[in-house]
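sequence unknown, structure follows:
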């Protein structure tokens, strides 16, 4: 829970919890409503070969292991999960919006590929005590009420020596084009996205190694040129002590 959430609830813990639950429900409803048209965006549906191939190449560099267990948080309609499954990885996707999850399941089923998709909060994935080789998140952290706690939780979901992959940026607009985002979104800590330097500062204390790769200059990823900040942050969690 953020300080803004607590303040908005008058510092009453019960009221603050209700406010946070209401925000989460609003966010789920927003993305449920967006699910039908979500894949119309070139970098969401990956329908063009050039865009699809560009993301497949990046994923090969970010997930260099063979047959990795990958947790795709905020998986949306499963386009990246599909690419990962095609590359031979075992993918678990989590999304708050049931209609997004329905599309992700259908997408992998149509391709004849295995994949597990769960409805749940990407900030606290409902995967119990499972650990993964890679945790992938794309364009998600700006939607989270407590993104720094989510980062800590994600690190806990990785095996020793595992990898965190965050594809993020600073967006010109929050939410889907033409549709205002949920009420109160302006109080989200990273509303509108977060720059690479700031995200690296938040992640660095949690990891053993970190690098940032700029993505704005690759129009194939986005279906055309973009003029905002987009990047991938990859980080390794400490390996188990010998």
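Thanks, I have the structure now. In this text, all values refer to a predicted model and were calculated from it rather than measured experimentally.

What's the per-residue pLDDT of residue 26 here?
pLDDT recorded at residue 26 is 87.

where in this protein is pLDDT low?
Along the chain, segments meeting pLDDT under 70 span 1-22, 172-180, 241-242.

pull the longest strand from it.
Once the chain is assigned using DSSP state E, the strand that runs over the most residues is strand 158-170.

can you pull the buried residues of that strand?
By neighbour count on 16 or more other CB atoms under 10 Å, the buried set for strand 158-170 is 158, 159, 162, 163, 164, 165, 166, 167, 168, 169, 170. For every residue, glycine as well, the C-beta is placed using N, CA and C.

So what touches that strand?
With contacts defined as CB atoms under 8 Å, 6 or more residues apart in numbering, strand 158-170 is touched by 62-63, 131-142, 154-155, 192-196, 199, 203, 207, 215-216, 228-240.

Does residue 146 touch residue 152 like I think?
No. Residue 146 lies out of contact with residue 152 (CB atoms under 8 Å); the separation is 9.6 Å.

And these two? Which one has more around it.
Using other CB atoms under 10 Å as the criterion, residue 146 and residue 152 rank with residue 146 on top: 18 against 13.

Give me the distance between that one and residue 187.
12 Å (CB to CB, to the nearest Å).

I'd like the buried residues of strand 158-170 laid out as JSON lines, including distance to residue 28.
Below are the buried residues of strand 158-170 laid out as JSON lines (distance: CB to CB, whole Å):
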{"residue": "158", "distance to residue 28": "25"}
{"residue": "159", "distance to residue 28": "29"}
{"residue": "162", "distance to residue 28": "28"}
{"residue": "163", "distance to residue 28": "28"}
{"residue": "164", "distance to residue 28": "24"}
{"residue": "165", "distance to residue 28": "24"}
{"residue": "166", "distance to residue 28": "22"}
{"residue": "167", "distance to residue 28": "22"}
{"residue": "168", "distance to residue 28": "21"}
{"residue": "169", "distance to residue 28": "23"}
{"residue": "170", "distance to residue 28": "24"}
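
which one among these gets closest to residue 102?
Proximity of those to residue 102 (CB to CB) peaks at residue 167, which lies at 23.1 Å.

so what's that closest one bridging to?
Taking DSSP bridges as the rule, residue 167 bridges to residue 138, residue 232.
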